[in-house]
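Enquirer: Based on what follows, work out the 3D shape:
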Amino acid sequence: MDELFWLCETVEKYKRIYMYAENYIYTPEVQLVKNMVAKGLFGEPYYAEGMYLHNISNLFVYPNGKTSWRSFWQCGKRGNFYPTHSVGPVMQWFPDDRITEISTFSPGVYNDLGLKQDSGTTTMCRTEKGKLLEIRVDCTSPRPHCMTQYQLQGTNGIFQSATYGTQPNGVVGDRARISLLGEESPLHHMQWKHLEDYNDYLPDRYKNATEEQLRAGHGGGDFFIVKDFIDAIRANKQPELSVYKACEWTAVGLLSELSVTNHSRTIEMPHFRPSMPLEEKRVPLND
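Expert: I've put the predicted structure just below:
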């Protein structure tokens, strides 16, 4: 946590551009839902889920028999060690809000890998406006990969990503989907529609992406995140993914370790912002 405070102080001291390289924010699916939220199609969003489910049990030992770094820095400890691929996209749908407290739960260890990481951790995040986020990571349970599972619930409808994420071996016909209230979908008879039916809400650069841009990865997202960084440096203009967002989203993981090892105690999130007073650069423990 101290390193996060140091990072903010350094950016402020030297008046530099800082951009957080969270590329899942730049996937077309996340950008499309973000624009739909901005247009009010979901009404008022109040709950969201972000899950990173990726079995890496075959990566804890290198082929030469040496222990992998993953046995220490990923699954050698408890808590949500990799939250930002989930928190970042989800917080795109709550653009004028921030996380104020977190609490992390786990079922314990249900494998014979000999590592401290639980068989999945679930971190509940409360925002300043009272919204609820569920962030889950599981890298040890036996299951297919699903690294981009999201859900957004609003007063006017719901978005649900494909349950198998981006993997090609998913369930046939399982695609990202949306259901919205309207004259054709009364409250008790709502129907799913494919997310791509709403592609008109994609940002123009995704609609017009070239083959070269798409080949960069994540539907062109990996190209556009680098482009935005270069443009920010050239224009000397701070991009959306500031150091304060970077620290808040990273702190979800760091604080989750403290929460899960203390009976899921609720931990208050520091308010990362410019000129943060010294007395706030701490981690208070709620009674």
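Enquirer: How about residues contacting stretch 2-20?
Expert: In this structure, residues lying in contact with stretch 2-20 by CB atoms under 8 Å, 6 or more residues apart in numbering are 88, 228-229, 232-233, 236-239, 241-247, 249-251, 254, 270, 272, 274-276, 281. Quick note: C-beta positions are derived from backbone N, CA and C, even for glycine.
Enquirer: so of the residues you listed, which ones are in helices?
Expert: Secondary structure assignment by DSSP state H places 88, 228-229, 232-233, 243-247, 249-251, 254 of the contacts of stretch 2-20 in helices.
Enquirer: quick one: which of the residues you listed is nearest to Gly114?
Expert: Nearest to Gly114 out of the ones in helices among the contacts of stretch 2-20 is Leu254 (CB to CB; 24.0 Å).
Enquirer: The closest one and Met1 touch, don't they?
Expert: Yes: the pair formed by Leu254 and Met1 meets the contact definition of CB atoms under 8 Å, at 5.7 Å.
Enquirer: Neighbour count for the two, which is higher?
Expert: When neighbours are counted by other CB atoms under 10 Å, Leu254 comes out ahead of the other of Leu254 and Met1, with 19 against 15.
Enquirer: of the ones in helices among the contacts of stretch 2-20, buried ones?
Expert: Buried residues within the ones in helices among the contacts of stretch 2-20, defined by neighbour count using 16 or more other CB atoms under 10 Å: 88, 229, 232, 243-247, 249-251, 254.
Enquirer: can you put these in TSV and add distance to Asn80 and pLDDT?
Expert: As requested, those are arranged in TSV below (distance: CB to CB, whole Å; pLDDT from 0 to 100):
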residue	distance to Asn80	pLDDT
Gly88	13	97
Phe229	26	96
Ala232	29	96
Val243	21	98
Tyr244	20	98
Lys245	17	97
Ala246	16	97
Cys247	16	98
Trp249	11	98
Thr250	11	97
Ala251	11	98
Leu254	9	97
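Enquirer: which SS class is Ala21?
Expert: coil (DSSP: H, G, I helix; E, B strand; the rest coil).
Enquirer: any idea how far it is from Pro239?
Expert: 11 Å (CB to CB, to the nearest Å).
Enquirer: Which of these two has more residues huddled nearby?
Expert: Neighbours per residue, other CB under 10 Å: of Ala21 and Pro239, the larger number sits with Pro239, 16 against 13.
Enquirer: Mind jotting down where the helices sit in the stretch 51-200 of the chain?
Expert: Assigned by DSSP state H, counting those that start in this stretch, the stretch 51-200 of the chain shows helices spanning 84-92.
Enquirer: Quick check: which ranges of it have low pLDDT?
Expert: 164-173, 183-187 (pLDDT under 70).
Enquirer: which ones are touching the residue nearest to Thr266 when sequence neighbours are not counted?
Expert: Setting aside the residues directly before and after it, Thr266 is nearest to Ser103 in space (CB to CB, 6 or more residues apart in numbering), at 4.6 Å. With contact set as CB under 8 Å, 6+ apart, Ser103 has these partners: 123-124, 259, 264-267.
Enquirer: Looking at those, which is nearest Tyr206?
Expert: The nearest member of the contacts of Ser103 to Tyr206, counting by CB to CB, is Thr123 at 29.6 Å.
Enquirer: where's the closest one relative to Arg234, distance?
Expert: 37 Å.
Enquirer: ditto for Glu240
Expert: Glu240 sits at a distance of 16 Å from Arg234 (criterion: CB to CB).
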